[in-house]
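Student: Just the structure for this:
(one chain, ligands or ions: 3)
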Amino acid sequence: MGTKNWNEQFENLRINGARLQKTIEISAKIGGTENNGVQRCSATDEDKEMRDIFAGWVKDCGCELTIDEMGNMFAVRPGKNRDLGAVMTGSHLDTQRPGGRFDGILGVLAGLEVMRSINDAGIQLERDFILVNWTNEEGGWYPPACMGSGVWMGNITKEWAYDRKDRDGKTLFGDELERIGYKGDFPCDHKKWNVEAAYELHIEQGPVLWTEKIQIGAPKGILCLHWYDIWLEGTANQVGPTPMKNRNDALLAFSEMNVVVNKVAHQMGDMVATVGEIQNYPNSRNIIPSKVHFTVDIRSWDDDHAIEAWRLMKKEFEMIAERRGCPIKTEEFWKVEHAPFDKALWDRVVESAEELGFSSRRMVSGAGHDMSEVNKVTRGAMIFVPSIDGRSHVEVEDTPWEDCTRGGDVLLRCILKTASEV
Ligand code: HGY
Ligand code: MN
Ligand code: MN
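Tutor: Residues are numbered from 1 along each chain as shown. Ligands and ions are numbered 1, 2, ... in the order given. Here you go, the predicted structure:
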């Protein structure tokens with residue numbers, strides 16, 4: 001494919017960094033926390049407020065807006081030749097509980113800025129340009145992660161997604177999505193769309209770019225994500241009269257298992273494994289814990305390596321459960337395979353950064369993204385910008401505005417190039 005119509009105007013076009021900053025600052029107020037973070041989980045009132053504003057912004061750009069059965073929002077800017085596959089960019093406007101101002105949000109709002117900049121320049125692209133706000137990428141309130149993109153790709157069904165309970169077990173995702181008015185009619189199915197290539201701009205959420213003082217990251221792909229649930233059944237009793245021997249203390253059994261997760265990850269290497277969530281019942285200082293639920297998140301570039309790690313962990317868990325007299329139940333809750341990106345698009349990210357005079361390095365993404373799913377059904381690539389001190393999924397999450405602008409300019413260039421290919 002040749003890059004048609006690449007001209008002086010495309011070469012010199014840049015986004016409006018001040019406008020991008022202002023747009024992100026407006027979004028940060030919706031669900032803003034007192035510690036300068038954001039709490040805006042999917043299918044909540046804050047999510048609705050943000051979606052409504054985003055819908056207005058993309059309509060002001062002259063886009064056709066489609067909302068599908070999972071609330072994924074597709075803003076389509078028509079190209080000259082609508083028979084050609086579209087160029088897509090997108091990420092998520094939902095956050096962790098609490099989360100930061102940039103995770104996902106930069107990708108969506110820089111995509112909006114790219115659209116605004118192309119509009120300001122009066123450019124009509126060869127191909128449709130689609131900007132997506134994916135529903136529930138974080139899985140912060142309704143696990144799992146990547147629910148909107150996962151249904152769109154076919155990794156999970158919409159019925160299963162609708163039945164997901166919130167972390168307190170009180171509401172169902174599908175009901176709440178309907179309540180906020182974003183359970184659309186359009187089928188949530190990638191086969192309904194003709195996408196030639198997709199890019200996602202995202203903060204790195206790790207320490208590499210910040211430590212090495214590199215401006216742009218070009219990940220080769222995303223690690224696999226495997227999520228497990230474990231339940232332990234002990235025997236509650238009065239802590240005073242019950243002797244230390246023969247207790248069935250579920251929390252003590254969990255404590256040994258937590259150490260196993262860390263130990264196996266270190267022993268196997270080339271992976272990360274974390275216990276991030278735990279519930280202890282009855283969670284009273286003078287009752288021996290009788291029930292524990294906890295989660296394990298395992299990630300690696302090699303899916304089989306991650307599966308082997310779980311096998312080793314589970315084997316040790318079962319021995320601990322036996323020894324502590326606490327019956328165990330485990331479940332593989334959700335997983336997404338590792339996502340190797342398209343080589344040509346990966347190179348285009350590096351090449352675009354160089355042409356713009358930005359330093360760049362190739363790397364891998366330890367964080368999961370909607371691109372894990374999108375990349376399965378179209379050519380995909382991502383663009384990273386630094387996270388200050390490598391922090392993310394925290395209220396102090398931060399990225400310098402000039403880095404946000406650099407990422408937006410690389411995204412603009414990649415889109416202009418790919419949307420000009422015929
Ligand atoms: O878990 C992740 O890496 C992503 O934030 N969902
Ligand atoms: Mn994200
Ligand atoms: Mn995240």
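Student: can you list the residues that contact the strand or helix carrying Ala18?
Tutor: Using DSSP states H and E, Ala18 sits within helix 17-28. By Cβ atoms under 8 Å, 6 or more residues apart in numbering, the surrounding residues in contact with helix 17-28 are 38, 50, 53, 57, 93, 101-102, 105-106, 109-110, 112-113, 116, 401-402, 404-405, 408. Bear in mind the C-beta positions are built from the backbone N, C-alpha and C, glycine included.
Student: tally of neighbours for Arg311?
Tutor: 10 (other Cβ atoms under 10 Å).
Student: quick check, it in a strand?
Tutor: No: with DSSP: H, G, I helix; E, B strand; the rest coil as the criterion, Arg311 is helix rather than part of a strand.
Student: the helices in the stretch 151-300 of the chain, which residues?
Tutor: Using DSSP state H, counting those that start in this stretch, the helices of the stretch 151-300 of the chain run over 158-162, 173-179, 208-212, 250-268.
Student: hang on, the earlier thing: ok, of the contacts of helix 17-28, which come out buried?
Tutor: Burial by neighbour count, judged by 16 or more other Cβ atoms under 10 Å, picks out 38, 50, 57, 93, 101-102, 105-106, 109-110, 112-113, 116, 404-405, 408 from those.
Student: Enumerate the residues of the stretch 51-200 of the chain near ligand 2.
Tutor: Neighbours of ligand 2 within the stretch 51-200 of the chain, by Cβ under 5 Å from the ion: Asp103, Gly104.
Student: Can you name the residue of the stretch 51-200 of the chain nearest to ligand 1?
Tutor: Nearest residue of the stretch 51-200 of the chain to ligand 1 (Cβ to the nearest ligand atom) works out as Ala145 at 3.6 Å.
Student: so what's that residue closest to, chain neighbours aside?
Tutor: Here the nearest residue to Ala145 in space, its sequence neighbours aside, is Gly139; by Cβ to Cβ, 6 or more residues apart in numbering that works out to 3.7 Å.
Student: Pull up the residues of this protein that are close to ligand 1.
Tutor: Glu137, Glu138, Ala145, Ala367, Gly368 (Cβ under 6 Å from any ligand atom).
Student: what's the closest non-adjacent residue to Val272?
Tutor: Arg299 (5.0 Å).
Student: likewise Ile278?
Tutor: In space, Ile278 is closest to Phe294, 4.2 Å off (Cβ to Cβ, 6+ apart).
Student: could you list every residue that touches that neighbour?
Tutor: Counted by Cβ under 8 Å, 6+ apart, Phe294 has contacts Asp229, Ile230, Phe254, Met257, Asn258, Val275, Glu277, Ile278, Gln279.
Student: Apply 7 Å and report the result again.
Tutor: For Phe294, the contact set (Cβ atoms under 7 Å, 6 or more residues apart in numbering) comprises Ile230, Phe254, Val275, Glu277, Ile278.
Student: Can I get the residues you listed in CSV including neighbour count?
Tutor: Below are these laid out as CSV (neighbours: other Cβ atoms under 10 Å):
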residue, neighbour count
Ile230, 22
Phe254, 26
Val275, 18
Glu277, 14
Ile278, 14
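Student: coming back round to it: identify whichever of the helices of the stretch 151-300 of the chain lies nearest to Gln238.
Tutor: The closest of the helices of the stretch 151-300 of the chain to Gln238 is helix 250-268. By Cβ to Cβ, the value is 15.6 Å.
Student: helices or strands up against that closest one?
Tutor: strand 224-233, strand 272-274, strand 291-300, helix 303-324 (3 or more Cβ pairs under 7 Å, 6 or more residues apart in numbering; DSSP states H and E).
Student: Tabulate these (a markdown table), appending mean pLDDT and distance to ligand 2.
Tutor: As requested, those are exported to a markdown table (pLDDT from 0 to 100; distance: least, Cβ to the ion, whole Å):
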| stretch | mean pLDDT | distance to ligand 2 |
| --- | --- | --- |
| strand 224-233 | 98 | 12 |
| strand 272-274 | 98 | 16 |
| strand 291-300 | 98 | 14 |
| helix 303-324 | 98 | 20 |
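Student: then stretch 333-340 to CSV, C-alphas only?
Tutor: This file holds the C-alpha atoms of stretch 333-340, laid out as CSV (Å, rounded to 0.1, in the frame of the first residue of the first chain):
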residue,chain,number,x,y,z
PHE,A,333,-12.2,-16.2,36.5
TRP,A,334,-11.0,-14.5,33.3
LYS,A,335,-8.0,-14.4,31.0
VAL,A,336,-6.7,-12.7,27.9
GLU,A,337,-3.8,-14.0,25.8
HIS,A,338,-0.6,-12.0,25.3
ALA,A,339,-1.0,-9.6,22.4
PRO,A,340,1.9,-9.3,19.9
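Student: how about it: buried residues?
Tutor: Trp334, Lys335, Val336, Glu337, His338, Ala339.
Student: Tell me the one of the residues you listed nearest Leu209?
Tutor: Ranked by distance to Leu209 (Cβ to Cβ), the buried residues of stretch 333-340 are led by Ala339 at 19.7 Å.
Student: Pretty sure Asn280 sits against Asp249.
Tutor: No: using Cβ atoms under 7 Å, Asn280 makes no contact with Asp249, being 10.5 Å away.
Student: Run the chain-centre distance for the strand or helix carrying Ile53.
Tutor: Element membership of Ile53 [criterion: DSSP H and E] is helix 45-60. Centroid displacement of helix 45-60 relative to its chain, using Cα atoms, centre = their mean, to the nearest Å, is 19 Å.
Student: Compute the inter-axis angle for it and helix 17-28.
Tutor: Angle between the axes of helix 45-60 and helix 17-28 is 150 degrees (criterion: axes from the mean of the first three to the mean of the last three Cα atoms, to 10 degrees).
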